[in-house]
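Novice: sharing a sequence plus its predicted fold:
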Amino acid sequence: MSLAISKRLEGKTILITGASSGIGRSTAFEFARTAPKNLKLILTARRVDKLHQIAADIQKEVGDGVQVLPVQLDVSKPDEVREFVGKLPEEFKDIDVLVNNAGLSRGVARAPEIAEEDMNIMFDTNVTGLINMTQAILPIMLRRNNGEGAGDIINLGSIAGREPYVGGSIYCATKAAVKSFTESLRKELISTRIRVIEIDPGQVETEFSIVRYYGDKNKADAVYAGVTPLTPDDIAEIIVFAAGRKENVVIADLLVFPNHQASATIMHRRPT
């Protein structure tokens, strides 16, 4: 990353949800490497032990210039989100960038066979959780500049929110909701200096498919057979790029594919 981006990010406090693995984990490292001299990172996830390991690894790599606060948080639980800001140490409460990354997919069932439990966890995490986190952090951003506000809200969407596909109706619906919420929020905040950004990845190899197939690694691995998917690092680089633009530049809506993908369902697979 350039020196200009590093300077723009210095002194900021970054909050990343779903930071224990995948895109969230990579984003934490990318921010730390980009602005290693003066940065605060708040990393949240359900698996707090993994967050502590990430914090230790970041400190080992970049030194004491990056302060990392691991916080156990399940964004699907409204009470936990509601209490989140009040429990933060004072020096971490002035959040500049919110990366709403936490999300998941469960199952590939079609109606009328979709499990209610799977529907609930996807909506509670991907939609309600994201909205609740945004509402918890937004007042902090609005208080800046005598009410004019400042800060970045970066929502992780998906190609699934633009193009529904068979076996993904609920997940696609949640990501479509994220897109609608993001676009409405951007319009609602147009009189402020708060940037609202959505990044929609195509196929990325993370724990996503393992979760979708209830831990069946063979089925998860088959998703990536014959292709070279994006990595979490690829998306992390884009997130940090968006946060590091000049104040008047908004990466409002960005769709990113791996080379083999042209849509949610059109991919070229090499023989295996």
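Specialist: Looks like it came in fine.

Novice: who are the neighbours in contact with the most centrally placed residue in the chain?
Specialist: Taking Cα atoms, centre = their mean as the criterion, Asn101 is the residue nearest the geometric centre of the chain, at 1.8 Å. Asn101 makes contact with 16-19, 23-24, 27, 156, according to Cβ atoms under 8 Å, 6 or more residues apart in numbering. The C-beta positions use only the backbone N, C-alpha and C, and glycine is treated the same way.

Novice: quick one: the helices in the stretch 51-200 of the chain?
Specialist: With helices called from DSSP state H, counting those that start in this stretch, the stretch 51-200 of the chain shows them at 78-87, 116-122, 130-142, 169-188.

Novice: for Ala243, see how far away the residue nearest to the centre of the chain is.
Specialist: Distance of Asn101 to Ala243, computed by Cβ to Cβ, to the nearest Å: 13 Å.

Novice: likewise Leu142?
Specialist: As for Leu142, its distance to Ala243 is 18 Å (criterion: Cβ to Cβ).

Novice: low-confidence regions, the chain specifically.
Specialist: Judged against pLDDT under 70, the low-scoring parts of the chain cover residues 1.

Novice: picking up where we left off before, what about Leu142 and Ala243, which has more around it?
Specialist: For Leu142 against Ala243, the residue with the higher neighbour count under other Cβ atoms under 10 Å is Ala243, and the figures read 25 against 16.

Novice: so which residues of the stretch 1-150 of the chain form strands?
Specialist: In the stretch 1-150 of the chain, the segments counted as strands under DSSP state E, counting those that start in this stretch are 13-16, 39-45, 66-72, 97-100.

Novice: closest to Arg212 out of those?
Specialist: Of all the strands of the stretch 1-150 of the chain, strand 39-45 sits nearest to Arg212, with 18.1 Å by Cβ to Cβ.

Novice: contacts made by the closest one with the rest, please.
Specialist: Applying Cβ under 8 Å, 6+ apart, the set of residues contacting strand 39-45 is 9-21, 24, 28, 31-32, 51, 54-55, 58, 65-73, 75, 84, 88, 91-92, 95, 102.

Novice: farthest-apart pair in the contacts of Asn101, please.
Specialist: Considering Cβ to Cβ, no two members of the contacts of Asn101 lie farther apart than Ala19 and Leu156, which are separated by 11.8 Å.

Novice: about what we covered before: narrow the contacts of strand 39-45 to just the buried residues.
Specialist: With neighbours counted by 16 or more other Cβ atoms under 10 Å, those contain buried members at 9, 12-21, 24, 28, 31-32, 51, 54-55, 58, 66-71, 73, 75, 84, 88, 92, 95, 102.

Novice: Ile137 and Ala55: what is the separation?
Specialist: Distance of Ile137 to Ala55, given as Cβ to Cβ: 20 Å.

Novice: what do you get for Ala115?
Specialist: Ala115 sits 35 Å away from Ala55, taking Cβ to Cβ as the criterion.

Novice: burial measure for the nearest residue in space to Ala4 that is not next to it in sequence, as a count.
Specialist: Using Cβ to Cβ, 6 or more residues apart in numbering and skipping residues adjacent in sequence, the residue nearest Ala4 is Gly244, 7.7 Å away. Other residues within reach of Gly244 by the criterion other Cβ under 10 Å amount to 22.
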